[in-house]
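# coordinates only, sequence not included:
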Ligand code: UFG
């Protein structure tokens, strides 16, 4: 019998790609999502990609009674991948309580319900934001956690601690915390991808919307940083590669291969790219010329960060595989497909 995995936020950007990879690996998936930042046709598109329709419940993880009923309905859930969260850094500064409530209470509800239903594993969506500006690069999992720059970042740090404290207290739970670097790109079928609400805050959706003419110009936030070309450096990780890391993490938990009850892995490529390098890579990979301009720095930006992914490579047995060119082409194809579908 197939093992059942609950994916919260499974119609979102990273969630939907992960559902596909879980299905490809032979798992049965139940998605729970309140559709606050996604739409139900993502479920149709997942089915188009894999030929399998995942179970879907439109429900907010804040709804404890609703979640309790969900675990009753789908007996035998083995593990959870918890994506569901609010994720806009700027909005979190404006609405901190919304972020603390959404992101903390959702996790608390899951951790309270897991023992009741014998769900023994959780993979948590964390972020390299917990490192702030690291003192040493590439950054390893042992780097100190820095004071969060935003309520959003703080929720990631606090949630990591909530998981640790719960497990230390003796809860029968095993966890893997995946600290993502910068996820970009889309599914190679162009059926799944990132669908930003309103004006995109992140680089790649803004870039592809500029390339297709929705935005006039991409602003590069600063060229006076202490980096070779002066623009900020990030570790851009392909979203399908990232999705596969979750499948490996789930198998590791279910096969009881963990060395500790809480394990942490950086999920990145190990390669840092500047904003300007990324723009040039996009132009080279797609042949599309981009209108961009250097503008002022964005408050709160980290100057440079990229992963040391060796622990994920060696212990988890996962490695980023997709080239940046293929990744950028996938992002562009997704943007073209959105136009074709009349969405953006
Ligand atoms: N950038 C621009 N112009 C834009 C948008 C972004 O130059 O219009 C630059 C940023 O200054 C940054 C880089 O592109 O140097 C990447 O910016 P993103 O907003 O795409 O990503 P961030 O690294 O700022 O943030 C991401 C996630 C957060 C997470 C953080 C962890 O969006 O959720 O990584 O470092 F917290």
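Sure, I can see it. Owing to the predicted nature of the structure, the values given are computational and were not obtained by experimental measurement.
# can I assume residue 285 is in contact with residue 331?
No: assessed by Cβ atoms under 8 Å, residue 285 is found out of contact with residue 331, at 9.4 Å. Bear in mind the C-beta positions are built from the backbone N, C-alpha and C, glycine included.
# higher neighbour count, the two?
residue 331 (26 against 18; other Cβ atoms under 10 Å).
# could you check how far that one is from the ligand?
12 Å (Cβ to the nearest ligand atom, to the nearest Å).
# helix or strand: which one has residue 78?
strand 77-82 (DSSP states H and E).
# and that strand, which strands flank it?
strand 4-8 (parallel), strand 121-127 (parallel) (DSSP bridges).
# what lies in contact with it?
3-9, 15, 18, 22, 30, 71, 106-107, 110, 114, 117, 119-125, 246, 250, 253-254 (Cβ atoms under 8 Å, 6 or more residues apart in numbering).
# drop anything exposed from those residues.
3-9, 15, 18, 22, 30, 71, 106-107, 110, 114, 117, 119-125, 246, 250, 253-254 (16 or more other Cβ atoms under 10 Å).
# can you give me the neighbour number for whatever residue of the stretch 1-150 of the chain ends up closest to the ligand?
Nearest residue of the stretch 1-150 of the chain to the ligand (Cβ to the nearest ligand atom) works out as residue 129 at 3.4 Å. A count of nearby residues for residue 129, using other Cβ under 10 Å, gives 22.
# same check, this time on residue 72
Residue 72, neighbours per other Cβ under 10 Å, totals 10.
# read off the pLDDT value for it.
Listed pLDDT for residue 72 reads 98.
# which residue is the nearest non-sequential neighbour of it?
residue 117 (7.9 Å; Cβ to Cβ, 6 or more residues apart in numbering).
# before we move on, back to that, list the contacts of the helix or strand following the strand holding residue 78.
Sequence order places helix 89-94 as the next helix or strand after strand 77-82, per DSSP H and E. Residues from elsewhere that reach helix 89-94 (Cβ under 8 Å, 6+ apart): 86, 98, 99, 149, 150, 151, 152, 153, 155, 201, 300.
# which of those are buried?
Buried among the contacts of helix 89-94 by 16+ other Cβ under 10 Å: 86, 99, 149, 150, 151, 152, 153, 155.
# could you pull out the helices in the protein for me?
13-24, 41-50, 64-73, 89-94, 96-100, 106-116, 151-168, 203-211, 239-254, 275-286, 310-311, 324-340 (DSSP state H).
# can you list the residues of this protein near the ligand?
Within the chain, the residues that sit near the ligand (Cβ under 6 Å from any ligand atom) are 87, 89, 127-129, 153, 182, 201-203, 206, 218-221, 232, 234, 275, 298, 301-302.
# count of neighbours near the residue nearest to residue 303 when sequence neighbours are not counted?
Counting by Cβ to Cβ, 6+ apart, residue 303 lies nearest to residue 225, which is 4.8 Å off, once chain neighbours are set aside. Look at residue 225: counted by other Cβ under 10 Å, it has 19 neighbours.
# cool, and residue 209?
Counted with other Cβ under 10 Å, residue 209 comes out at 18.
# wait, isn't it in contact with residue 215?
Yes: using Cβ under 8 Å, residue 209 is in contact with residue 215, at 4.8 Å.
# hang on, residue 143 packs against residue 131?
Yes: with contact defined as Cβ under 8 Å, residue 143 counts as touching residue 131 (5.2 Å).
# of the two, give the one with the bigger neighbour count.
In this view residue 143 and residue 131 are compared by other Cβ under 10 Å, and residue 131 has more residues nearby, 23 against 18.
# quick one, what contacts that one?
139, 143, 144, 145, 146, 179, 305.
# ok, 7 Å please
139, 143, 146, 305 (Cβ atoms under 7 Å, 6 or more residues apart in numbering).
# please apply the same query to residue 164.
residue 262.
# what's the answer for residue 48, then?
residue 191.
# same deal with residue 231?
220, 222, 223, 225, 274, 275, 276.
# now with 8 Å?
220, 221, 222, 223, 225, 274, 275, 276, 277, 294.
# check residue 264 too.
126, 141, 160, 176, 177, 179.
# the last one against residue 134, yeah?
No: applying Cβ under 8 Å, one finds residue 179 not in contact with residue 134, separated by 11.6 Å.
# of the two, which one has the most company?
residue 179 (23 against 19).
# before we move on, the earlier item: show the contacting residues for the nearest residue to the residue of the stretch 1-150 of the chain closest to the ligand once chain neighbours are set aside.
Nearest non-adjacent residue to residue 129, counting by Cβ to Cβ, 6+ apart: residue 153, 4.3 Å away. Residues near residue 153 by Cβ under 8 Å, 6+ apart: 89, 92, 127, 129, 130.
# now those residues in JSON lines, with pLDDT?
Listed next are those as JSON lines, based on pLDDT from 0 to 100:
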{"residue": "89", "pLDDT": "93"}
{"residue": "92", "pLDDT": "96"}
{"residue": "127", "pLDDT": "98"}
{"residue": "129", "pLDDT": "97"}
{"residue": "130", "pLDDT": "97"}
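# and the closest residue to residue 42 other than its chain neighbours, how far is that from residue 44?
Spatial nearest neighbour of residue 42, chain neighbours left out: residue 11 (4.0 Å); criterion: Cβ to Cβ, 6+ apart. Here residue 11 is placed at a distance of 10 Å from residue 44 (Cβ to Cβ, to the nearest Å).
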